[in-house]
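Enquirer: take this sequence and fold it.
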Amino acid sequence: MNKVKFDTKHDYEYVTNYKILQSAFDKHKIDKIIPVERLMKCKFQDNLEFLQWLKKYWDQYYPGGAYDAGSRRKGGHGASSSTGPARASGGTRTMASKKPAAGGTGVRSAASRNTAGASGRLSSSSGNSAVLDQNSAAVIIDLNKQLGELKATVDGLEKERDFYFGKLRDIEILVQQQQEADASANVEESPVLKEIQNILYSTEEGFEVPPEGEVEGEGDIEDETF
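Expert: Reported below is the predicted structural model:
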């Protein structure tokens with residue numbers, strides 16, 4: 001502390017004090033590089049971050065108890081004297097000692113605001129995630145409902161298809177049996193039976209006749225899961 005100059009006025013004096021502080025950090029194995037150039041430019045963000053780090057380190061490692069800052073500063077240059085012009089210096093010292101306290105309060109307030117802001121953002125993010133989860137769950141429920149309705153529709157269409165296919169198959173067999181009977185009896189083929197057969201075997205453009213004994217799509221439907 002006796003190397004620190006408390007009545008600094010010039011940049012080189014600030015640099016000297018920062019070097020003393022950095023040496024103290026190195027001596028006590030405190031892994032922190034002081035950004036001297038940035039601090040001397042008096043940018044708010046850089047000084048705020050450094051003060052926040054100092055406050056955090058103090059809170060973490062200070063063992064507690066009273067700290068007599070005045071007696072610790074007596075050995076430093078520009079921190080003593082109590083008569084004559086030194087009174088102004090003493091007044092300056094008092095103001096200087098008060099300013100860090102106010103600055104510390106400002107740092108604590110800024111840190112509190114930052115913490116509150118971060119907490120608010122986290123709460124907002126959590127709230128948004130909860131809303132998204134609820135919306136996703138609602139969409140999944142709606143899709144499952146639609147899937148169930150589509151499956152019921154497909155099942156109904158399959159039953160209806162099988163029903164009419166069975167009817168057509170019975171008509172086809174009946175026509176074939178009658179044609180065979182007429183051929184055996186050497187009877188002229190009935191034009192009505194011929195027309196019915198033409199209707200049964202007629203197709204539309206693009207339609208492919210499935211292999212015999214297989215209903216169109218029947219094999220795929222049995223194995224398909226909806």
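
Enquirer: just confirm residue 188 is within a strand.
Expert: No: assigned with DSSP: H, G, I helix; E, B strand; the rest coil, residue 188 falls outside any strand and is coil.

Enquirer: quick one: it and residue 182 touch, right?
Expert: Yes: here residue 188 reaches residue 182: they are 7.3 Å apart, a contact under C-beta atoms under 8 Å. Using the backbone N, CA and C atoms, a C-beta is placed for each residue, glycine as well.

Enquirer: quick one: which of the two has more around it?
Expert: residue 182 (14 against 7; other C-beta atoms under 10 Å).

Enquirer: and the more buried one, what pLDDT?
Expert: With respect to pLDDT, residue 182 scores 84.

Enquirer: what's the nearest residue to it if we skip its chain neighbours?
Expert: Leaving aside its sequence neighbours, residue 182 sits nearest to residue 189 (C-beta to C-beta, 6 or more residues apart in numbering; 5.8 Å).

Enquirer: do you know how far residue 158 is from residue 167?
Expert: To residue 167, residue 158 is 15 Å away according to C-beta to C-beta, to the nearest Å.

Enquirer: neighbour count: those two, which is higher?
Expert: With neighbours defined as other C-beta under 10 Å, residue 158 and residue 167 compare such that residue 158 has more, 15 against 10.

Enquirer: on the three-state scheme, that one is what?
Expert: What three-state DSSP gives for residue 158 is helix.
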